[in-house]
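Trainee: predicted model, plus sequence, below.
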There are 2 protein chains.
Amino acid sequence: MSDVQVPTDKKYISYNNVHKLCQEAAEKIKEFKPDLMIAIGGGGFIPARILRTHIRVPGSKNIPIQAIGLSLYEELGTGQLEEQIGVEVVRTQWLDFSTLEKHSGDLIGKNILIVDEVDDTRTTLHYAVSELEKDIAAQAKKLGREDEKTTLHVFVLHNKDKPKKAELPKDMMDSGRYIAARTTPDEWIAYPWEARDIEEHTKFAKLQNND
Amino acid sequence: MSDVQVPTDKKYISYNNVHKLCQEAAEKIKEFKPDLMIAIGGGGFIPARILRTHIRVPGSKNIPIQAIGLSLYEELGTGQLEEQIGVEVVRTQWLDFSTLEKHSGDLIGKNILIVDEVDDTRTTLHYAVSELEKDIAAQAKKLGREDEKTTLHVFVLHNKDKPKKAELPKDMMDSGRYIAARTTPDEWIAYPWEARDIEEHTKFAKLQNND
């Protein structure tokens, strides 16, 4: 028996693989010149920070990263899965508009990139996009700037090829404003930041060619 | 000539090294049972997300991560270094207190862990700690809860052993509420998320035993 068997229980992803996926996607992302990233925490924090390195234009300032915190409450007290969209997403942090406006100006008319690790059921991304659209539209109306076009883009490391519980805007999907570094089958993706033994995790990722 | 020369221009840190530094520090951090992490973006995002894995108590919920964004304006238009503390730190995002209160309650009486990558001049950490102390004290006064003790802790991956431009509270330093995974000489630390070639970067980190 060999002890270099490729594990099949999960898809193991190394940190260096995450880095390379961000670097590769950055080429496409740079084309639309994002003004601002919005990282969905905790999963979006790591790809967003890595992306910032790779989409930076030499001689220019870093692209600002704003963070929002969203969690899924998949299980209710009854043990039943909550199907109603919106109810199951819990905000733990939202944009701090007053600081944002002082520093980067408002979001109206901007190219905004929303970043998360994985698109599983699409519920969190749906929530983030629709709530941001609402906030931006309300602000534009208040300021009489409804003619300025704000464009939301989405980046994830992995999109799971499975039936989704929620949708993203059709024009986003059709016009390439949804970017997944990889589309994967519906399998368990083991990200490195979850690893209890990072050496073993990296070894498994290498064996699966995810390094 | 050998081509496995150890590079001496910078201290190269691999992702796996960052992971292990967080895992090691988590043992100490778990002792004071943090209620909340505040990640200083962009540098604090990656260690905060990794720490969350390692300080999680099995069977309990994840510790929430709130993000704040702070940048240093080291250079003024004159080319002179700005020495005045407070002026040179720019907030790009601050806590979203209204969402925070709905989700995690307020910060009063909590054990809070502030996370950043590196303590260089200490200016950013000084700013974060003193501004948070002010906000919490104002809120406690407003609510008549000045008797509740809020405790701030700091975690960084690397503390550079050099003269600092700003201080942290003496009782924080004296009572072990300042945790640096490593104290290093005043050298250039090359973090992996800045790498243009992550394979080479990791190789250099291995040669320097920072993997």
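Mentor: Arrived safely, thanks for sending. Residues are numbered from 1 along each chain as shown, chains lettered A, B, ... in the order given.
Trainee: not counting stretch A:17-34 itself, show me its contacts.
Mentor: A:46-47, A:50-51, A:54-55, A:57, A:63, A:111-113, A:151, A:153, A:155, A:157, A:177, A:179, A:181-182, A:191-192, A:205, A:210-211, B:15, B:192-193, B:195, B:198 (CB atoms under 8 Å, 6 or more residues apart in numbering or on different chains). The C-beta positions use only the backbone N, C-alpha and C, and glycine is treated the same way.
Trainee: mean confidence score for it?
Mentor: On average, the pLDDT along stretch A:17-34 is 97.
Trainee: now that stretch: buried residues?
Mentor: A:Asn17, A:Val18, A:His19, A:Lys20, A:Leu21, A:Cys22, A:Gln23, A:Ala25, A:Ala26, A:Ile29, A:Pro34 (16 or more other CB atoms under 10 Å in any protein chain shown).
Trainee: any idea which helix or strand comes after the helix ranked longest in chain A?
Mentor: Longest helix of chain A, by residue count under DSSP state H: helix A:123-142. Downstream of helix A:123-142, the next assigned helix or strand under DSSP states H and E is strand A:151-160.
Trainee: what's the angle from that following strand to helix A:123-142?
Mentor: If you take axes from the mean of the first three to the mean of the last three CA atoms, to 10 degrees, strand A:151-160 sits at 180 degrees to helix A:123-142.
Trainee: wait, does strand A:151-160 contact chain B?
Mentor: No: Strand A:151-160 stays clear of chain B (CB under 8 Å from any CB of the partner chain), getting no nearer than 13.3 Å.
Trainee: output that strand as CSV, nothing but the C-alphas.
Mentor: In CSV, the C-alpha atoms belonging to strand A:151-160 read as follows (Å, rounded to 0.1, in the frame of the first residue of the first chain):
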residue,chain,number,x,y,z
THR,A,151,-22.2,48.6,-11.8
LEU,A,152,-21.9,45.7,-9.5
HIS,A,153,-19.6,42.8,-10.2
VAL,A,154,-19.2,39.5,-8.3
PHE,A,155,-16.0,37.5,-7.8
VAL,A,156,-15.8,34.1,-6.1
LEU,A,157,-13.1,31.5,-5.9
HIS,A,158,-15.4,28.7,-6.6
ASN,A,159,-18.9,28.4,-8.0
LYS,A,160,-20.6,25.1,-7.2
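Trainee: identify the residues contacting stretch A:4-11?
Mentor: A:Thr184, A:Glu187, A:Trp188, A:Ile189, A:Ala190, A:Phe204, A:Leu207, A:Gln208, A:Asn210.
Trainee: for that stretch, what is the distance to the chain centroid?
Mentor: A distance of 26 Å separates the centroid of the chain from that of stretch A:4-11, by CA atoms, centre = their mean, to the nearest Å.
Trainee: which helix or strand contains the residue most central in space within chain A?
Mentor: Chain A has A:Asp116 as the residue nearest its centroid, 1.7 Å off, counting by CA atoms, centre = their mean. Per DSSP H and E, A:Asp116 falls inside strand A:111-119.
Trainee: next: A:Gln23.
Mentor: Using DSSP H and E, A:Gln23 falls in helix A:15-31.
Trainee: and A:Asp9, how far from chain B?
Mentor: In this view, A:Asp9 and chain B are 18 Å apart by CB to the nearest CB, to the nearest Å.
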